[in-house]
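[1] 3D model of this:
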Amino acid sequence: MNEFPKMFIVLGVLFIVIGLIWSIFGKLPGDFLFKKGNTTFYFPIMTSIIVSVVASVVLYIIGKFR
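    Alright, predicted model coming up:
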């Protein structure tokens, strides 16, 4: 079987999981939300730091098992 359908299924599941996790961690302390009139600016700095640390740990673990 071709690898592209498998890759798209894995990416779809990954995006669903990321969306569910994002809804849980979406409003952490350290995430800045500015509202002025009809304009809203959301800067998720703490969420970005946590995602970066988790991604680094996962990639480190994957690298150890190669």
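
[2] ok, then the element right after the worst-scoring helix or strand of the chain on mean pLDDT?
    Taking mean pLDDT, DSSP states H and E as the measure, the helix or strand of the chain with the lowest value is helix 3-25, at a mean of 84. Counting by DSSP states H and E, the next helix or strand C-terminal to helix 3-25 is strand 32-36.

[3] tell me which strands and helices that next one is in contact with?
    Judged by 3 or more C-beta pairs under 8 Å, 6 or more residues apart in numbering; DSSP states H and E, strand 32-36 is in contact with strand 39-43. In this view, the C-beta of every residue, glycine as well, is placed from N, C-alpha and C.

[4] now stretch 32-47: mean pLDDT?
    Across stretch 32-47, the average pLDDT comes to 90.

[5] now what about it, what contacts it?
    The contact list for stretch 32-47, computed with C-beta atoms under 8 Å, 6 or more residues apart in numbering, reads 22, 25-26, 28-31.

[6] what's the most distant pair in those?
    In terms of C-beta to C-beta, the contacts of stretch 32-47 reach their longest pairwise distance at 22 and 29, which sit 16.2 Å apart.

[7] ok, the two, which is more surrounded?
    Applying other C-beta atoms under 10 Å to residue 22 and residue 29 shows that residue 22 carries more neighbours, namely 12 against 5.
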